[in-house]
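**Student:** Fold the stuff below for me.
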Amino acid sequence: MAGSTLRDVARRAGVSIRTVSNVVNGSVPVSDELRVRVQAALDELDYRPNLVARNLRRGRSGMIALVVPELDVPYFAELAREVITAARAHGYVVMLDQTDGDGERERELLGRESRATMFDGLLLSPLAISADELRLRTNRVPVVLLGEHIFNGSLHHVAIDNVTAAREATEHLLALGRRRIAAIGDQPYSTGETAQLRTIGYRLALERAGLTVDEELIVPTPRFHRHLGAEAMERLLALPEPPDAVFCYNDLLAIGAMHALTRAGVRVPDDIAVVGVDGIQEGRYSSPSLTTVAPDKAQIARTAVSTLLGVIDGSAPPPAEVKAPHRLLVRESTAGPAART
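**Tutor:** Residues are numbered from 1 along each chain as shown. The predicted structure follows:
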C-alpha cells in the first residue's frame with residue numbers, strides 16, 4: 001500500500017508503533033518472533049521509510065559529496081559511477097563537484113563557510129592543497145582522500161601503490177625485449193606526487209634490469225590529457241634515437257601518444273609499444289587496444305565509502321592509508337593482435 005505509515009504497520013502486525021520503529025531502525029533488539037511478524041507486515045504494506053525525516057532526526061543529510069579535479073576525465077567518471085553504487089547500498093545519495101585542480105577551490109571546500117558543510121561527509125581527490133592545509137582545515141566535515149597525493153597519515157586515504165604499478169608496467173615492456181623505454185607524464189613540482197611516484201617506479205624497473213636511465217626519455221606534462229600525450233610523443237619521435245616503448249602515466253596520455261604515432265606512420269606495437277595506467281573503457285576500444293595498469297575502481301569506491309561512513313558515525317579506526325589492488329591488462333598496444341581483450 002503506497003504511503004503506509006508506522007501506525008499502519010503496527011496495526012497490521014498487532015504490535016506497538018515503537019516495536020515497529022525498533023525493527024525498522026535496528027536500534028533496540030526485539031525477539032525473533034516479533035521481528036518476523038513486523039517484517040511480514042512491512043512487506044505486505046510495501047512500507048518505505050521516510051529517509052529525509054530519519055536523517056533529520058539524526059542530524060544528518062543522507063548525502064555525501066564526491067569532489068574530483070575533472071569530471072570529464074574518464075577515470076573520474078568511471079570512479080564516480082562506482083562511488084554512487086557503493087553509497088546507494090548504504091542508503092546515501094552522492095553529490096558531484098569538480099575543482100579543475102585549482103588550489104583555491106580545494107581550499108574553499110575546507111573552509112568554515114564551505115558548501116561541504118551541507119553534506120555528512122566528503123570524498124576528495126585533491127591536486128593542489130598540502131597536508132598542512134588539510135590538517136588545519138576550519139570545518140569539521142568528515143573527509144576521506146582519494147588518489148595519490150601524499151598526506152602522511154593525517155586523514156584516511158585510499159589509493160593504489162603507484163610505485164609498484166609503474167614498475168610493473170615498465171617491467172612488462174622490458175619482458176618484451178624493449179630497452180629504450182620512454183616515460184610520458186612526469187610532474188617534478190610540489191603537487192605532482194602521483195607522477196613522481198610513477199617516475200620512481202619507472203626508474204626502479206630500469207635500474208633492476210641493469211639499464212641506465214636516459215633523462216631525455218622522461219617527458220613531463222602539466223596534466224594527464226590526450227593532446228599532451230600526443231605532443232610528448234612527437235617530441236620523442238624527433239630525437240636522434242627514438243624510443244622503442246613508452247610508459248604513459250595514464251591512459252589518456254597513452255591514447256594521445258598512439259594518435260601521434262599513427263599520424264607519423266609508426267606501427268604500434270611493432271616499432272613502439274605503449275602502456276598506460278587507469279584501465280578506462282576507452283582504452284579497451286582504442287585501435288590498437290591499450291595495455292594498461294587497471295586500478296580496482298569498484299574496490300576503491302567501496303573502501304572509500306565504507307571508511308567515510310565509519311568516520312561519520314565514529315566507528316572508523318585511526319586514519320590510515322589503504323592500498324587498493326590493481327592489475328596489468330595486456331592488450332594489442334604491447335602484445336599485438338593476439339591480445340584481443
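**Student:** from here on, contacts and neighbour counts on C-alpha atoms
**Tutor:** OK.
**Student:** the bottom helix or strand of this structure by mean pLDDT?
**Tutor:** Across the helices and strands of the chain, mean confidence by mean pLDDT, DSSP states H and E is lowest for helix 51-58: a mean of 52.
**Student:** Tell me which helix or strand comes right after it.
**Tutor:** The C-terminal neighbour of helix 51-58 among helices and strands, as given by DSSP states H and E, is strand 63-68.
**Student:** Tell me which residues are up against that following strand.
**Tutor:** With CA atoms under 8 Å, 6 or more residues apart in numbering as the test, strand 63-68 has contacts from 76, 80, 92-101, 116, 119-126.
**Student:** likewise stretch 313-322?
**Tutor:** So stretch 313-322 is contacted by 153-159, 307-310 (CA under 8 Å, 6+ apart).
**Student:** May I have that stretch as CSV, with CA atoms only?
**Tutor:** Output in CSV follows, covering the C-alpha atoms of stretch 313-322 (Å, rounded to 0.1, in the frame of the first residue of the first chain):
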residue,chain,number,x,y,z
ASP,A,313,29.4,7.6,12.8
GLY,A,314,32.6,7.5,14.8
SER,A,315,33.3,3.8,14.3
ALA,A,316,36.3,4.2,11.9
PRO,A,317,39.8,3.3,13.1
PRO,A,318,42.6,5.9,13.2
PRO,A,319,43.5,7.5,9.9
ALA,A,320,45.4,5.2,7.6
GLU,A,321,46.4,4.7,4.0
VAL,A,322,44.7,1.9,2.3
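**Student:** Quick one: mean pLDDT over it.
**Tutor:** For stretch 313-322, the mean pLDDT works out to 88.
**Student:** Give the buried residues for that stretch.
**Tutor:** 321-322 (16 or more other CA atoms under 10 Å).
**Student:** Check stretch 22-37 too.
**Tutor:** 22-24, 34-35, 37.
**Student:** gap between the two ends of it?
**Tutor:** One end of stretch 22-37 sits 13 Å from the other (CA to CA, to the nearest Å).
**Student:** starting at the chain centroid, how far to that stretch?
**Tutor:** 38 Å (CA atoms, centre = their mean, to the nearest Å).
**Student:** which secondary structure element contains the nearest residue to Thr212 once chain neighbours are set aside?
**Tutor:** Excluding the flanking residues, the one nearest Thr212 by CA to CA, 6 or more residues apart in numbering is Leu206, at 6.9 Å. Here Leu206, judged by DSSP H and E, is contained in helix 193-208.
**Student:** ok, then the element right after that helix?
**Tutor:** According to DSSP H and E, the helix or strand after helix 193-208 is strand 218-220.
**Student:** for the next helix or strand after that following strand, which positions count as buried?
**Tutor:** Sequence-wise, the next helix or strand downstream of strand 218-220 (DSSP H and E) is helix 226-237. Neighbour counts over helix 226-237 (16+ other CA under 10 Å) mark 226-234, 236-237 as buried.
**Student:** Point out where the stretch 151-300 of the chain drops to low pLDDT.
**Tutor:** For the stretch 151-300 of the chain, the stretches with pLDDT under 70 are 151-152.
**Student:** ok, 50 please
**Tutor:** Across the stretch 151-300 of the chain, nothing is flagged by pLDDT under 50.
**Student:** And for the stretch 1-150 of the chain?
**Tutor:** 1, 52, 56.
**Student:** would you turn the buried residues of helix 226-237 into JSON lines with distance to Ile280?
**Tutor:** JSON lines is the format used below for the buried residues of helix 226-237 (distance: CA to CA, whole Å):
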{"residue": "Arg226", "distance to Ile280": "13"}
{"residue": "His227", "distance to Ile280": "17"}
{"residue": "Leu228", "distance to Ile280": "18"}
{"residue": "Gly229", "distance to Ile280": "16"}
{"residue": "Ala230", "distance to Ile280": "18"}
{"residue": "Glu231", "distance to Ile280": "21"}
{"residue": "Ala232", "distance to Ile280": "21"}
{"residue": "Met233", "distance to Ile280": "20"}
{"residue": "Glu234", "distance to Ile280": "23"}
{"residue": "Leu236", "distance to Ile280": "25"}
{"residue": "Leu237", "distance to Ile280": "26"}
